[in-house]
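Engineer: kindly return the folded structure for what I paste below:
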Amino acid sequence: MKHKKILIVSIIGLCCLLGVYCPWPAGVRAALTAGLPSDLWNPGKNTLTTAYPFPRADQTTYQMDLYLDAINRIVYGQSQIKTINTSGRVLGELWLAIYPQAFQDPGSSPAPSAAYAQGFSSGGIQIKQVKVNGVPSEFITEDICMKVMLPSDMLPEEELTVDISWQAEVPRVAYRYGTADGVFMLGHFYPTLNAMSDSGWCRPLNSPFGDPFCLSAASYLVRINLPQDYRLITSGELIASLALDNGRENHLIKAELVRDFSLTACSRYEKLEQAEKNITLKCFLPPDMQAKGREIIKQAGQIVQYYNCLWGTYPYGELSVVVVPMQGFSGMEYAGVVYISEDQLDHPGVVTLLAHEIAHQWWYGLVGNDQYDEPWLDEGLAEYSATLYINHVQGQDQAQLSPGIAKRVNLDRALPDFVSDEQYRQVAYQGGEDFWLALEQELGRDKVQKILRSYLANYKHQLVTSQDLERVINQEAHRDMSAFFAAWSL
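Structural biologist: Numbers count the residues shown, from 1 in each chain. The predicted model follows:
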């Protein structure tokens, strides 16, 4: 009888979270009730600390209430961010990323013109209200960032609650933030706290290439309301779903210690599923691509298991590969989700692409970096990881790999330092991979893999710099590697 009562209470509580007893009006209702219990996992103390003290992953949660208006291409949102001032200094302002602002006009949009099949379509985000600890706060937007003036100075270790009411317009564009062919691709669609380093706030500017983000990991509890004829794919774990009597559904999602929270809503898509050791693999794609999808999901399973053996277990219970009508990028990585562009399925390099994007679950997802200021850190390592996998598949695990570029390039470049996408890829991708291949020649492959395992163990769920990486390499190599770094202008 006692267990039955507990079950009834649990069901009632879950129904309340899904909105059964507090139905939404047209648009979006208030944010999720403040003070919901968090299942945030404490990752324990890392051996090494980084230059990014705020916000800390194990002290930061996002609660979001979302409503997708598919007809008008609008996401209505209420966000509540809870964190603690771990910066070690008094804060008078906060800086947040608002990436949809990049799509306001054709001159600034990072999407290629070919991605606008019906001509230019604007996107953006409107911030309706910001409250800090319950007090309305002033804010201004600058490029793809928003500055929030705190109503009073925030002392070190003081708790911080930020409530934001917003709505994002989704452009008709085949891009990582946009909608095309019945698919809503929503990456970086909500206001997100930028990271703060020892030298100040990270404030990326819009860029026509690369990833202009510097984001700390956090935990999420998200409620999403969308039309019933859309299939939902997100970061995290689906806790519950509830069909409403108005042709819509509520979904409750929990994602713990993730670098970002992505949302994909697609109509007429099929799902393929495959169970692997401790992980469920899923592939979402149009019905006429199922044969290719079966090969994709098979390869994804082999890639994950290979990386598991190299560095450590994949961190989430699921991995979703979504085939999307995306242009401008061949693939894209999010926490627990990988995008592969439709036009890449028949490309001979699709397995390499898949291996690259899945590698980002470790190098970006688990160990993060400032993708705006040091893009080579995650892109070069993902490229190197993909090369290792391809050699493994070809039975050449012990083959000696050589850098593709004879001259060592200057890796110390931020996104604004590049004049073209081609130059960006040559440096961040190829040059970044060459760094690791040259390190293999210097120390041997076994030592390099030991370095990567130490890198992951020391900086899991943190943000790193090139200096942090050098510290780990020095530690594992048992010698000063500064001359090696200097050769790459680091």
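
Engineer: below-threshold pLDDT in this structure: ranges please.
Structural biologist: 1-48, 397-402, 404-407 (pLDDT under 70).

Engineer: break it into its domains for me.
Structural biologist: 57-268, 269-357, 362-490 (automatic domain parsing).

Engineer: could these go into JSON lines alongside distance to Thr50?
Structural biologist: Quick note: C-beta positions are derived from backbone N, CA and C, even for glycine. Listed next are the domains of the chain as JSON lines, based on distance: least, C-beta to C-beta, whole Å:
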{"stretch": "domain 57-268", "distance to Thr50": "9"}
{"stretch": "domain 269-357", "distance to Thr50": "18"}
{"stretch": "domain 362-490", "distance to Thr50": "5"}
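
Engineer: and those domains as JSON lines, adding mean neighbour count?
Structural biologist: Below are these laid out as JSON lines (neighbours: other C-beta atoms under 10 Å):
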{"stretch": "domain 57-268", "mean neighbour count": "19"}
{"stretch": "domain 269-357", "mean neighbour count": "19"}
{"stretch": "domain 362-490", "mean neighbour count": "18"}
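
Engineer: in this protein, which spans are helices?
Structural biologist: If DSSP state H is used as the criterion, the helices of the chain fall at 2-18, 290-311, 350-359, 376-393, 421-424, 432-443, 445-459, 466-477, 482-486.

Engineer: from the contact counts, what lies against the fourth one?
Structural biologist: Translated: helix 376-393. helix 290-311, helix 350-359, strand 367-369, helix 432-443 (3 or more C-beta pairs under 8 Å, 6 or more residues apart in numbering; DSSP states H and E).

Engineer: who touches Ala428 in this structure?
Structural biologist: 210, 375-376, 379-380, 411, 413 (C-beta atoms under 8 Å, 6 or more residues apart in numbering).

Engineer: and of the helices and strands packed on helix 376-393, who's closest to Thr60?
Structural biologist: strand 367-369 (13.0 Å; C-beta to C-beta).

Engineer: what helices and strands are in contact with that closest one?
Structural biologist: helix 376-393, helix 445-459, strand 462-464.

Engineer: can you name every helix or strand that the shortest one contacts?
Structural biologist: What it means is strand 462-464. By 3+ C-beta pairs under 8 Å, 6+ apart, strand 462-464 packs against strand 367-369.

Engineer: so how far is the strand it packs on off the chain centroid?
Structural biologist: 10 Å (C-alpha atoms, centre = their mean, to the nearest Å).

Engineer: any idea how far Gly365 is from the nearest residue in space to Gln361 that is not next to it in sequence?
Structural biologist: The shortest distance from Gln361 to any non-neighbouring residue, by C-beta to C-beta, 6 or more residues apart in numbering, is to Tyr314 (6.4 Å). Between Tyr314 and Gly365 the computed distance is 10 Å (C-beta to C-beta, to the nearest Å).

Engineer: same check on Gln126?
Structural biologist: Gln126 is 30 Å from Gly365, by C-beta to C-beta.

Engineer: and for Glu169?
Structural biologist: Taking C-beta to C-beta, one finds Glu169 at 28 Å from Gly365.

Engineer: same question for Pro191.
Structural biologist: Applying C-beta to C-beta to Pro191 and Gly365 gives a distance of 21 Å.

Engineer: which residues touch the nearest residue to Ser137 once chain neighbours are set aside?
Structural biologist: Leaving aside its chain neighbours, Ser137 sits nearest to Val130 (4.8 Å; criterion: C-beta to C-beta, 6+ apart). Neighbour list for Val130: 136-139, 148, 162-165 [criterion: C-beta under 8 Å, 6+ apart].

Engineer: 10 Å instead, please
Structural biologist: 79, 94, 96, 136-139, 146, 148-149, 162-166, 191 (C-beta atoms under 10 Å, 6 or more residues apart in numbering).

Engineer: same question for Val448.
Structural biologist: 384, 388, 436-437, 439-442, 473, 476-477.

Engineer: contacts for stretch 478-490, please.
Structural biologist: 374, 376, 408-413, 431-432, 434-435, 438-439, 442-443, 447, 465-467, 469-475, 477.

Engineer: what do you get if the cut-off is 7 Å, keeping everything else the same?
Structural biologist: Stretch 478-490 is touched from outside by 408, 410-412, 435, 442, 466, 470, 473-474, with contacts defined as C-beta atoms under 7 Å, 6 or more residues apart in numbering.

Engineer: taking those residues, tell me the two that lie furthest apart.
Structural biologist: Farthest apart among the contacts of stretch 478-490 by C-beta to C-beta are Asn410 and Asn474. That separation is 21.2 Å.

Engineer: circling back: between the contacts of Val130, which is nearest Leu257?
Structural biologist: For these, the nearest to Leu257 is Ser79 (18.0 Å; C-beta to C-beta).

Engineer: Ser241 and Trp311, how far apart?
Structural biologist: Ser241 is 34 Å from Trp311, by C-beta to C-beta.

Engineer: swap that for Ala291, please
Structural biologist: Distance from Ala291 to Trp311, by C-beta to C-beta: 32 Å.

Engineer: show me what contacts the spatially closest residue to Ala97 that is not a sequence neighbour?
Structural biologist: Nearest in space to Ala97, with sequence neighbours left out and distances taken as C-beta to C-beta, 6+ apart, is Thr192 at 4.7 Å. Listed by C-beta under 7 Å, 6+ apart, the contact set of Thr192 reads 96-97, 215.
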